[in-house]
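Q: no sequence on this one, just coordinates:
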């Protein structure tokens, strides 16, 4: 039986979870035996996600000695530093879910697929590689029921500021807080996401909060803002480039391009002052996030088609 190896599949982030699901599709739909490749000390028990099935694991150091020509390796671009394209002899698939998680892309893979149109254009402009776009999925139908927007605490804001350099994080948040001190000193940004909560608990938290302030400057796609939309939360933040595939400023969110911090601060105060507008954005955002193109079934069907072509 051929095997599929997924690198870092149990890491506690959305990109790793998507990579795990590529291995899961090859396991369930194509009969591959699934294996996880540990890069550090990640494990399914320590992750924020739930896995079904749980694949056995090996270390990345063990990988070259056990992999066979007929096997498939799944890796995200952040693992380009490991030079697996140069050292592992099998079929290699890369789901490019970011554009700022590597210095140079490992160009020794056999198939590249991009997570968003921005990533696809970046890869083409930089490396001359044309890539199909397959968006990630969110399991909105399985999310806990959110509170009605009007029933959530007035002015409640969850700040997502856990990506990138800490000095930049502090500088951006400081500029917004300075704006609030001048114009709305009653608005506090104390509820800041730190660390990794269980995914289901974090999504439930979104469903109890009126606004998500997303300060990540660069994402290949941006799963958390889309999950917030699915939970009926008003999304305010940077579009992070990759979010442009689903963010529609002043329609389903209040998104601005990096680094327009002042515009972001103005949006924040305006929506706190005009809750009807904020609720309208949340309502449109919920419709966006629950479109079929962001479901697991759609993700699985597109990848099954891609793997059929690849294996054929």
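A: The structure has been received and is ready for your questions. What you see is a predicted model; the values in this text were computed from it and never measured.
Q: which residue sits closest to the residue nearest to the spatial centre of the chain in space, ignoring its chain neighbours?
A: Taking C-alpha atoms, centre = their mean, the centroid of the chain lies closest to residue 223, which sits 3.6 Å from it. Using C-beta to C-beta, 6 or more residues apart in numbering and skipping residues adjacent in sequence, the residue nearest residue 223 is residue 14, 4.3 Å away. Every C-beta, even on glycine, is put in place using the N, C-alpha and C of the backbone.
Q: give me the neighbour count for residue 87.
A: Here the number of neighbours of residue 87 (other C-beta atoms under 10 Å) works out to 12.
Q: cool, and the one 4 residues further on?
A: By the other C-beta under 10 Å criterion, the neighbourhood of residue 91 contains 19 residues.
Q: beta partners for it?
A: Bridge pairing for residue 91 (DSSP bridges) gives the partners residue 72.
Q: as a check, name the ranges of all helices in the chain.
A: 14-30, 63-66, 84-87, 117-127, 166-183, 199-206, 223-230, 261-273, 275-289, 296-311 (DSSP state H).
Q: the residue nearest to residue 223 touches residue 136, doesn't it?
A: Yes. Assessed by C-beta atoms under 8 Å, residue 14 is found in contact with residue 136 at 7.0 Å.
Q: measure stretch 210-219 end to end?
A: Chord length of stretch 210-219, first to last residue, is 23 Å (C-alpha to C-alpha, to the nearest Å).
Q: wait, I meant stretch 208-222
A: Distance between the two ends of stretch 208-222: 20 Å, counting by C-alpha to C-alpha.
Q: what comes up buried for it?
A: Of all the residues in stretch 208-222, those buried under the rule 16 or more other C-beta atoms under 10 Å are 208-222.
Q: repeat for stretch 154-170
A: In terms of neighbour count (16+ other C-beta under 10 Å), stretch 154-170 has its buried residues at 155, 157-161, 163, 169.
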